[in-house]
Each structure stands twice: as C-alpha cells, then as structure tokens.
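# what's the 3D shape of this:
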Amino acid sequence: MKLKTYLATLSLKDRDALAVRCDTTAAHLRNVSYGYRLCGESLAINLERESEGEVTCEELRPDVDWAVIRGTAGNARGKEKRAGVS
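Reported below is the predicted structural model:
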C-alpha cells in the first residue's frame with residue numbers, strides 16, 4: 001500500500017502517534033508520502049514495522065536491495081562456491 005493511502009486511513013491523532021513511534025514528524029511523513037522528501041532506510045523499516053506490513057520498505061525505497069538486508073537474496077555464485085564449483 002502506498003504511504004499516502006495508508007496515512008489517509010488514519011486519524012490526525014493516529015498519524016501523530018505513528019510519527020512518534022517512527023521517530024519522525026507527521027509533517028515529514030506527509031512530505032515523504034507526496035514525494036517531496038526521500039524516505040531514509042531507517043524510516044522505511046520503522047514504517048513497515050509500525051504499519052504491520054501495510055507499507056513496505058520495498059515500496060518506500062525501491063532503490064535499496066532489501067532482499068540482501070532481509071537475507072532472502074538468491075546468490076547463485078555464493079552457493080556454487082560453497083558447493084566447490086568454480
């Protein structure tokens with residue numbers, strides 16, 4: 001779900017509470033949701049956690065290789081080395 005859509009489902013009080021839990025401000029969340037500001041990696045992680053997965057890191061920062069961070073990246077070359085294949 002887009003951050004903008006997610007924020008629209010929340011009351012102003014809930015948006016403020018979300019911002020506090022994510023260690024930012026409601027104004028910054030609004031700026032990120034409209035594309036005026038880039039979402040930092042830490043904020044992306046916090047938003048995914050606090051939205052219970054409704055807003056994902058991949059959606060907020062598609063330029064980051066989240067699969068590596070999550071440990072889900074398929075690394076065929078690494079598997080070959082472990083298997084003794086050159």
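
# Which residue, other than its chain neighbours, is closest to the most centrally placed residue in the chain?
Taking CA atoms, centre = their mean, the centroid of the chain lies closest to Cys57, which sits 2.1 Å from it. With sequence-adjacent residues excluded and distances taken as CB to CB, 6 or more residues apart in numbering, Cys57 is closest to Ala44, at 4.3 Å. Where you see a C-beta, it was placed from the backbone N, CA and C, and this is true even at glycine.

# For the host helix or strand of that neighbour, buried residues please.
The secondary structure element spanning Ala44 is helix 41-50 (assigned by DSSP states H and E). For helix 41-50, burial by neighbour count (16 or more other CB atoms under 10 Å) applies to Leu43, Ala44, Ile45, Asn46, Leu47, Glu48, Glu50.

# and it, how far out from the chain's middle?
In terms of CA atoms, centre = their mean, to the nearest Å, the centre of helix 41-50 is found 5 Å from the chain centre.
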